[in-house]
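Colleague: Got a sequence here, can you build the structure:
(chains A and B)
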There are 2 protein chains.
Amino acid sequence: MTVMYNRVALIGLGLIASSLFWAMKRGGLAGETVGYARSAATRDTARNIGLCDRICDSVADAVADADLVILCVPVGAMDAVAAEIGPLLKTGAVVSDVGSVKRAVIDAVSPHIPDGVHFIPAHPLAGTEQSGPESGFAELFDNRWCLLTPNGADAAEVAKLRTYWEALGSNVDEMDADHHDLVLAVTSHTPHLIAYTMVGVADDLSRVSESEVVQFSATGFRDFTRIAASDPTMWRDVFLNNKDATLEILGRFTEELFALQRAIRQGDGDLLHDYFTRTRSIRRGIIEAGQDTDAPNFGRYPKP
Amino acid sequence: MTVMYNRVALIGLGLIASSLFWAMKRGGLAGETVGYARSAATRDTARNIGLCDRICDSVADAVADADLVILCVPVGAMDAVAAEIGPLLKTGAVVSDVGSVKRAVIDAVSPHIPDGVHFIPAHPLAGTEQSGPESGFAELFDNRWCLLTPNGADAAEVAKLRTYWEALGSNVDEMDADHHDLVLAVTSHTPHLIAYTMVGVADDLSRVSESEVVQFSATGFRDFTRIAASDPTMWRDVFLNNKDATLEILGRFTEELFALQRAIRQGDGDLLHDYFTRTRSIRRGIIEAGQDTDAPNFGRYPKP
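Modeller: Numbers count the residues shown, from 1 in each chain, chains lettered A, B, ... in the order given. Next up is the predicted model:
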C-alpha cells in the first residue's frame, strides 16, 4: 500500500476508468481519486455505487491540482478533452490515456499539453464486452499487458507510470506508437471488425431466422457475438483512427480468405488441412505465454 | 437411470464419442457401451482411461449385436465406415452419427444401410477446441442443442433417439438436412473459417513478430486462436462437405466486409456506429436463450 500519486483524476467513467478506481483502491495507489464524466446520468450512477472518492460536475474541478490525469474517453473525444484541460494542468502533472490507438491520440493530445506537463500515452490490453461505470472491477488488469508509447517523455516519469501500472496488476512494455497500432490492428482491431461483420451477416439472412441463429450459435459464432457486443462508440473511433493499419491487415486477410475459399471450391483438402494444422501452434504459444487457459471453452465447462 | 439401448457401439473415439460414453454412464442409458477406433494408439489410450465397457479391435466386433451404432468419425470417413458395417448390422438396429454436416452424411451413409435398420442422422452442437479420447467429459451436452435430421426415418425410433439425447442433457430439435447445413454454415462453419484465416494472417506478418502476436493477443484475437485450434481433419471435412452453403455465406460476408472497409476508408463513422449497435442485440438474444452467460469474458474474470 504505497501512494504513488497524491491526486488522480479519471476523465470518462466507463469500464476502464471504473476498473482503474477499484484497482487503485485495492492497491492503495492514490491519495485521492476524483472522477468526471460528461453525462450527468453516468456521474449519478458513479456516485451511487461509490466510484471514486469524489465525482466532479466539471472537468475543470476534476483536473485541478491533479498529479495524474488519465483520459478514459473514446479516442475520438481525446482532442476536445485535451483542449479543455490543457490550460488547467498543474506544472509537473502527468497526463496519460487508455486509448486503443496511440498515434492518433498523440496527434490529438500533444498540442494541448503545456510545458512542464508530461504526456505519456498508455494502452491496457484488457477489457470485456461490457461497458459503463458499473462494469469495472479491480482484477481487470491482473496479468494483462499495458503498453506505453512514451514518445520522448521524461524517463523518470515514464518509469514511475510503469511502476504504477505494475502495481495495478499489469505487465508493462514500451513500444513505438506506429508499431503499437500495427500490432493491435492484427491482434485486436481487425478481429473485432471481422466479428462485427459475421454477426451482421447472420442478422441479415432471410432464409435463416434470428431465433435459429440465436438458438444454434454453437462455439464459433457465440464467441463472435461476444466480441461484437463491445462498445460501438469506442470501436467506431478505433477504426477511424487506426485506418491505415486496419486497412492493410484487412487486405491481407481478404487475400488469405480468397485462397481458402478457392481451396473449398476446388476441393483441395490438403491445403485446408495444412492451413488448419499451422494455426494450432499459435494457440499453444498463447497458452504458454499465460495469456489464456487451456481449460476447454474457457471454463464454460468444468475441467474434465 | 433407465437403460434406453442394450448395446451402444461408438465408432471413432474422439471428443464427442468419449463425452457420449461419460454422459451415458452418468445417466445409466446403455446396458453396455463398446468402442472402436481405427488407430491402435487411440484404442490403447481409451482402455487406459476406462473409456467404454469394452474396446474392440475390429469394427465388426464393435457393431455386432449393437442396438444403437453412433458414427463419431470425421465426415469424410463416414462413407467407408458405413460400407464396412452395413452388412453386419442387426435388424431393428438404429444407426446415427454426430457429423457437423448432414446432407453429405446422408448421401454417404444411406446407401449402405440395409432394410430393417433405421438411420437417423444427428448433430450435437457441442464441442471444445480439444480433441481425442481423453478430452471427453459427461457435461459436454448439458443444455446444448442436438439437431436431428430424420430424413423420413421411422417416427417411433426418432422419438426414442430424441429421448436418448434429452437424457444426455441436450435440447433436441428436428430439421431438414439442407436447412441444417445452411444454419450451421452461418453459426459455425464460416466463423471457423474466418478465425482460421485471421490466425494465419497474424502468423504470416513479417513486421509483427510471433511473440508480439502471442503476448499481445487481447480479447478478440485470443478467441479466434481458440476456435482455430480445433481439429484440422474434422474441419477440412466440414468445408469439403458443406461447400455450397459455406461459399454462399462467405460471399455475403465478403460483401459486408467490403462495405465496412469502404466506410473506414471514407471515414464514415455513422455507418460504423450503426452497424456495431445493431450487432449488440444479437448478443443479448443469445444470453437470453441460455446459450451463454453474461459474465464478462466467460468467467476469465470473476463476476464484478
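Colleague: Strands of chain A, start to end?
Modeller: A:5-11, A:30-36, A:54-55, A:68-71, A:94-97, A:118-119, A:122-124, A:145-148, A:171-174 (DSSP state E).
Colleague: name the helices or strands packed onto the fifth one?
Modeller: Counting by 3 or more Cβ pairs under 8 Å, 6 or more residues apart in numbering or on different chains; DSSP states H and E, the packing neighbours recorded for strand A:94-97 are strand A:68-71, helix A:78-85, helix A:103-109, strand A:118-119, helix A:155-167. Glycine gets a C-beta too; all of them are placed from N, C-alpha and C.
Colleague: swap the cut-off to 7 Å and go again
Modeller: If you count contacts as 3 or more Cβ pairs under 7 Å, 6 or more residues apart in numbering or on different chains; DSSP states H and E, strand A:94-97 packs onto strand A:68-71, helix A:155-167.
Colleague: and these, which is most packed in?
Modeller: Mean neighbour count, computed with mean count of other Cβ atoms under 10 Å in any protein chain shown, is highest for strand A:68-71 among these, reaching a mean of 26.
Colleague: Next one, pLDDT for A:S209 please.
Modeller: At A:S209, the pLDDT value in this model is 84.
Colleague: thinking again about what came up before, looking at the helices and strands packed on strand A:94-97, spot the one closest to A:S211.
Modeller: Minimum separation from A:S211 across the helices and strands packed on strand A:94-97 (Cβ to Cβ) falls at strand A:68-71, 41.8 Å.
Colleague: Show me the contact partners of that closest one.
Modeller: By Cβ atoms under 7 Å, 6 or more residues apart in numbering or on different chains, the residues outside strand A:68-71 that reach it are A:5, A:8-12, A:20, A:63, A:78, A:81, A:85, A:89, A:93-98.
Colleague: can you put the strands of chain A in CSV and add mean pLDDT?
Modeller: Shown next, in CSV, are the strands of chain A (pLDDT from 0 to 100):
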stretch, mean pLDDT
strand A:5-11, 98
strand A:30-36, 98
strand A:54-55, 98
strand A:68-71, 98
strand A:94-97, 98
strand A:118-119, 98
strand A:122-124, 97
strand A:145-148, 96
strand A:171-174, 96
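Colleague: Rebuild those strands as a markdown table, extending it with distance to B:V109.
Modeller: Formatted as a markdown table, these follow (distance: least, Cβ to Cβ, whole Å):
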| stretch | distance to B:V109 |
| --- | --- |
| strand A:5-11 | 61 |
| strand A:30-36 | 63 |
| strand A:54-55 | 65 |
| strand A:68-71 | 61 |
| strand A:94-97 | 59 |
| strand A:118-119 | 66 |
| strand A:122-124 | 52 |
| strand A:145-148 | 49 |
| strand A:171-174 | 52 |
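Colleague: For A:H123, which non-adjacent residue is closest in space?
Modeller: Computed as Cβ to Cβ, 6 or more residues apart in numbering or on different chains, the closest residue to A:H123 that is not its neighbour in sequence is A:L147, at 4.8 Å.
Colleague: what's the spacing between the one you found and B:R26?
Modeller: Distance from A:L147 to B:R26, counting by Cβ to Cβ, to the nearest Å: 46 Å.
Colleague: which of those two has more neighbours?
Modeller: Neighbours of A:L147 and B:R26, each counted by other Cβ atoms under 10 Å in any protein chain shown, are more numerous for A:L147; the result is 24 against 16.
Colleague: was I right about that one contacting A:H179?
Modeller: No - if you go by Cβ atoms under 7 Å, A:L147 and A:H179 don't touch, sitting 9.8 Å apart.
Colleague: What's the local residue count around A:L29?
Modeller: Per other Cβ under 10 Å, the neighbour tally for A:L29 reads 21.
Colleague: Would you mind measuring from it to A:L168?
Modeller: Noted for A:L29: a distance of 7 Å to A:L168, by Cβ to Cβ.
Colleague: ok, now A:G136?
Modeller: For A:G136, the distance to A:L168 - Cβ to Cβ - is 12 Å.
Colleague: Flag the shaky bits of the stretch 101-250 of chain A, pLDDT-wise.
Modeller: Low-confidence segments of the stretch 101-250 of chain A (pLDDT under 70): A:218-219.
Colleague: which residues in chain A form helices?
Modeller: Using DSSP state H, the helices of chain A run over A:15-27, A:40-48, A:59-63, A:78-85, A:103-109, A:155-167, A:177-184, A:190-204, A:210-215, A:221-227, A:232-241, A:243-266, A:269-288.
Colleague: Identify the bridge partners of the residue nearest to A:H123.
Modeller: Taking DSSP bridges as the rule, A:L147 bridges to A:H123, A:D173.
Colleague: check contacts around it.
Modeller: Contacts of A:L147 (Cβ under 7 Å, 6+ apart): A:H123, A:L125, A:D173, A:M175, A:H180.
Colleague: Tell me how many other residues crowd the second one.
Modeller: Other residues lying near A:L125 total 25 when counted by other Cβ under 10 Å.
Colleague: So what does A:D268 have for phi and psi?
Modeller: Main-chain dihedrals, A:D268, degrees, to the nearest 10: phi -90, psi 80.
Colleague: Can you get me a residue count around it?
Modeller: Should you count by other Cβ under 10 Å, A:D268 turns out to have 17 residues around it.
Colleague: Also A:V101?
Modeller: Using other Cβ under 10 Å, A:V101 is surrounded by 29 other residues.
Colleague: which ones are touching it?
Modeller: A:V75, A:D181, A:V238, A:N241, A:N242.
Colleague: Likewise for A:D237?
Modeller: A:P74, A:V75, A:G76.
Colleague: any common contacting residues for A:L147 and A:H179?
Modeller: In contact with both A:L147 and A:H179: no residue, using Cβ under 7 Å, 6+ apart.
Colleague: returning to that earlier point: so which of the contacts of A:D237 is the most crowded?
Modeller: Most surrounded of the contacts of A:D237: other Cβ under 10 Å gives A:V75, at 26 neighbours.
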